[in-house]
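In: coords please:
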Amino acid sequence: PHFKGMRLMMWPFCLVAAWIHGDPRKVVYPTDSHGQFCGQQGTPNANKAILFYFNILQCANPAVLINLQCPTTQLCVSKCPDRFATYLDMQYNYRYNKSYWEYYKQFCKPGFDNPRKSVAQVLRDEDCPSMIVPSRPFLQRCFPDFITRNGTLTVANKTVFKDGLGKTRSVIDLRDAANGITSLLDAKEVGMKIFEDYANSWYWILIGLVITMVVSLAFILLLRFTAGVLLWLIIFGVIAVVGYGIARCFCLIVIVCVAVISLSVIEAVIIIILIFLRRRVRIAIALLKEGSRAIGYIMSTLFYPIITFVLLAICIAYWAVTAVFLASSGDAVYKVMSTQDKCMYANLTCDPETFSQTNVTKVCPGSQCTFAFYGGESLYHRYIFVLQLCNLLVFLWLVNFTIALGQCTLAGAFASYYWALRKPQDIPSCPLFSSFSRAVRYHTGSLAFGSLILAVVQMFRIVLEYLDHKLKGAHNAFARFLICCLKCCFWCLEHFIKFMNRNAYIMIAIYGKNFCTSAKDAFFLLMRNVVRVAVLDKVTDFLLFLGKVLISGSVGVLAFFFFTRKIPVIQEEVPSLNYYWVPLLTVIFGSYLIAHGFFNVYAMCVDTLFLCFLVDLEVNSGSAARPFYMSSTLRQILDKKNSKRRKDKR
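Out: All right, here's what the predicted structure looks like:
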């Protein structure tokens, strides 16, 4: 129980620090050259949600645009320009029609209202852009409205334009300046089509997922009657396939003699295993059937993954919000942006209030003091990365805790089924709710401790992956070899801890002891029955994997025939789609996740019944005082009997 508060100590610290210093508006809204948010309510830019670049030709790299470090003035506007125009043309037409200035000045600095000011002075003081080009908003920024007509790139049906400085430029220059933006716009169009497909087919996708739920439930319940037949068919099918391979290899040239020897060894090993482990295979089949029977009595367990999903969604959302606040912590940082490659002041920090008084503009003509990012040099800002790591660690901790809570809850419910002497009469009412209440009230500390161990190992794995990524270009072979070995060791350690935690939670649900004691008892219990554990684990994994593939594949084939209009009966009901693979892949992926959720409950059921079965064998003797709680099928396989003085009503 002392771990209940411990798991909450780190995250509030990160949250308080993030929420005090962070500002998610820095991530949500684009920012102009003075660090002001575009579109932020309660500010002068409330109705100006789009960022406009005075001279996009100076933005030679699209990464510069995305990072908001283009060496040109950036201004918040309410809409993007829809025509080609230059400041010089505006001044000329202003003498005849004042509306030219009314339109052009919305792309000038706020407060500037002197259309008669000379072009040289306007450009020197950066009051207005020298030109505007037809644009459309994308990612809340104005980008040229590129359109390809007959293989020719155009903007507003033009291939050339005036840059306002006396030169005629090609739209190719705009494309080069905004290289990559056209592909992003194409991706946006594809995204819109995909969205339309989802809007037209969501109803049928939902039907496909409901079918998956029904089929998964039916498959689990039918395993009670078909597990033995299905498993033996698979085993003998593998033997037949290997035997056929041996026969085919004998018919070929001598070069394949290695294949003949390998297949013969595999065949012999499978047959020997079946001969010597046939009773353990029968026990595994009986436990699979008993798991299906237990779920039939406690159907509510199949829907517990919904609770786990909701809790995981809350953890992910909370972690993401905290990470955004931490990432957006800091004050506005301004840097010198220059169009010259060899400017000695480039990328140095500057103060926009005093920038005009320095000699930077003389040494590097055309340079500007532009907003770059949010950050700082304080102690807090230096340790933001450390706080992000703490946030990640606590996130992993809570995710593992949520999963552990679900495993302990399901184990408690299925254990109450096994230890009911008369089934279903002795099964307690609401076993799932009762188990959940016990886990939350009495076992929170144990679950948190086990989750912390796993989270620390996972954190080490993430750090190793990061180091491996950084060392990919390094020439130090020993360092890369060491990282590879460490990754392998921690991968094995993580999977071992997951296996032990799972069994420890089952023992916690059965006996109510602390984590360390339960883990020790589970470890030695499994080691005393290591062959049974190996057989049951592999049989269960293979059978459930087969079920997942069978269900998701079957539903996927049905969805393929439906969305490609190959089912004549309901051909007219198929919605019109841009890409039929969009709903098809959604149905297949969703079906696999649903089947995985159902079968995880079934796997937890089988593991719980297996540990209960092992405890039952060691603790009870079949006497009237200590009867066996296992099913009659398991007793027959093991040649065990209960005392006749107690009537077996199962």
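In: what about the strands in the stretch 301-450 of the chain?
Out: 331-337, 368-375 (DSSP state E, counting those that start in this stretch).
In: show me where pLDDT drops low in the stretch 551-650 of the chain?
Out: Across the stretch 551-650 of the chain, the ranges flagged by pLDDT under 70 are 644-650.
In: can you give me the helices in it?
Out: For the stretch 551-650 of the chain, helices defined by DSSP state H, counting those that start in this stretch occupy the ranges 581-619, 632-638.
In: need those helices in CSV (columns: distance to Val555 and mean neighbour count).
Out: (C-beta placed from N, C-alpha, C; glycine too.) Shown next, in CSV, are these (distance: least, Cβ to Cβ, whole Å; neighbours: other Cβ atoms under 10 Å):
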stretch, distance to Val555, mean neighbour count
helix 581-619, 4, 21
helix 632-638, 32, 16
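In: so which of these gets nearest Ile272?
Out: helix 632-638 (20.4 Å; Cβ to Cβ).
In: contact partners of the closest one?
Out: For helix 632-638, contacts defined as Cβ atoms under 8 Å, 6 or more residues apart in numbering pick out 279, 282-283, 286-287, 289-290, 613, 617, 628, 640-642, 648, 650.
In: check stretch 289-300 too.
Out: Outside of stretch 289-300, the residues within contact range by Cβ under 8 Å, 6+ apart are 220-225, 227-228, 301-302, 413-414, 417-418, 423-424, 427, 431-432, 601-602, 605-606, 609, 631, 633-634.
In: off-centre distance for stretch 220-227?
Out: Chain-centre distance of stretch 220-227: 33 Å, with Cα atoms, centre = their mean, to the nearest Å.
In: next: stretch 631-639.
Out: On Cα atoms, centre = their mean, the centre of stretch 631-639 falls 45 Å from the chain's centre.
In: ditto for stretch 442-452
Out: In terms of Cα atoms, centre = their mean, the centre of stretch 442-452 is set 25 Å apart from its chain centre.
In: go through it and flag the buried ones.
Out: Using 16 or more other Cβ atoms under 10 Å as the test for burial, stretch 442-452 gives 443-452.
In: for Leu153, see how far away the residue positioned nearest the centre of the chain is.
Out: Taking Cα atoms, centre = their mean, the centroid of the chain lies closest to Ile316, which sits 9.3 Å from it. Distance of Ile316 to Leu153, computed by Cβ to Cβ, to the nearest Å: 42 Å.
In: just Thr349 next, same as before
Out: 38 Å.
In: more neighbours, these two?
Out: Leu153 (16 against 12; other Cβ atoms under 10 Å).
In: give me the distance from the helix or strand containing that one to the chain's centre.
Out: Using DSSP states H and E, Leu153 sits in strand 152-155. Distance of strand 152-155 from its chain centroid, counting by Cα atoms, centre = their mean, is 39 Å.
In: residues contacting the residue nearest to the centre of the chain?
Out: 395, 399.
In: how about Val229?
Out: Taking Cβ under 8 Å, 6+ apart as the definition of contact, Val229 has no neighbours.
In: where does it sit: helix, strand or coil?
Out: helix (DSSP: H, G, I helix; E, B strand; the rest coil).
In: I'd like to know how far it sits from Tyr602.
Out: Look at Val229 and Tyr602: by Cβ to Cβ, they are 18 Å apart.
In: how about Phe414?
Out: Counting by Cβ to Cβ, the gap from Phe414 to Tyr602 is 10 Å.
In: for Phe385, grab the count of nearby residues.
Out: 10.
In: mind giving me the domain split of this structure?
Out: Using the TED database, the domains assigned to the chain come out as 45-178, 203-324+383-639, 332-374.
In: how about the ones you listed, which one is nearest Glu196?
Out: Comparing the domains of the chain by Cβ to Cβ, domain 203-324+383-639 comes nearest, at 6.4 Å.
In: what's the end-to-end length of the closest one?
Out: End-to-end span of domain 203-324+383-639 (Cα to Cα, to the nearest Å): 54 Å.
In: and for stretch 84-98?
Out: End-to-end for stretch 84-98, by Cα to Cα: 18 Å.
In: in that stretch, what counts as buried?
Out: Residues 84-88, 90-91, 94 are the ones in stretch 84-98 that count as buried (16+ other Cβ under 10 Å).
In: tell me the one of those nearest Ala49?
Out: Using Cβ to Cβ, these come closest to Ala49 at Ala85, 22.3 Å.
In: my guess is the closest one contacts Ile132. True?
Out: Yes. Under the criterion of Cβ atoms under 8 Å, Ala85 makes contact with Ile132 at 5.2 Å.
In: output the below-cut-off pLDDT ranges for the stretch 251-400 of the chain.
Out: In the stretch 251-400 of the chain, residues with pLDDT under 70: 251-260, 263, 267, 270, 273-274, 276-277, 327-332, 338-341, 366, 371-383.
In: for it, what spans make up the helices?
Out: Taking DSSP H, counting those that start in this stretch, the helices of the stretch 251-400 of the chain run over residues 257-276, 278-297, 304-327, 360-363, 379-382, 384-418.
In: so the last one versus helix 304-327, what angle?
Out: Inter-element angle recorded for helix 384-418 and helix 304-327: 170 degrees (by axes from the mean of the first three to the mean of the last three Cα atoms, to 10 degrees).
In: show me what helix 384-418 is packed up against.
Out: Counting contacts by 3 or more Cβ pairs under 8 Å, 6 or more residues apart in numbering; DSSP states H and E, helix 384-418 packs against helix 10-21, helix 278-297, helix 304-327, helix 431-442, helix 444-470, helix 477-511, helix 581-619.
In: can you say which of those helices is nearest to Ser356?
Out: Nearest of the helices and strands packed on helix 384-418 (Cβ to Cβ): helix 10-21, 30.6 Å.
In: any idea of the mean pLDDT in the closest one?
Out: What helix 10-21 shows for mean pLDDT is 54.
In: need the max-distance pair from the buried residues of stretch 442-452.
Out: Going by Cβ to Cβ, the pair spanning those furthest: His443 and Leu452, at 14.3 Å.
In: off-centre distance for stretch 558-565?
Out: Relative to its chain's centre, stretch 558-565 lies at 28 Å (Cα atoms, centre = their mean).
In: name the surrounding residues that touch it.
Out: Stretch 558-565 has contacts (Cβ under 8 Å, 6+ apart) with 201, 204, 208, 211, 566-567, 570-571, 574, 577, 580, 583-584, 587-588.
In: just give the number of residues close to the nearest residue to Ser631 once chain neighbours are set aside.
Out: Take Ser631 and drop its neighbours on the chain: the residue closest to it by Cβ to Cβ, 6 or more residues apart in numbering is Glu290, 5.5 Å away. Here the number of neighbours of Glu290 (other Cβ under 10 Å) works out to 26.
In: so what's Leu153 bridging to?
Out: With DSSP bridges as the criterion, Leu153 is bridged to Thr148.
In: I'd say it and Pro144 touch.
Out: No. With contacts counted by Cβ under 8 Å, Leu153 stays clear of Pro144, the gap being 9.9 Å.
In: how many residues are close by Ile483?
Out: 19.
In: re the thing from before, out of the domains of the chain, nearest to Gly39?
Out: Using Cβ to Cβ, these put domain 45-178 closest to Gly39, at 3.0 Å.
In: who touches both of Leu153 and Pro144?
Out: 171, 175.
In: and the domains of the chain as JSON lines, adding distance to Glu196?
Out: Shown next, in JSON lines, are the domains of the chain (distance: least, Cβ to Cβ, whole Å):
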{"stretch": "domain 45-178", "distance to Glu196": "19"}
{"stretch": "domain 203-324+383-639", "distance to Glu196": "6"}
{"stretch": "domain 332-374", "distance to Glu196": "36"}
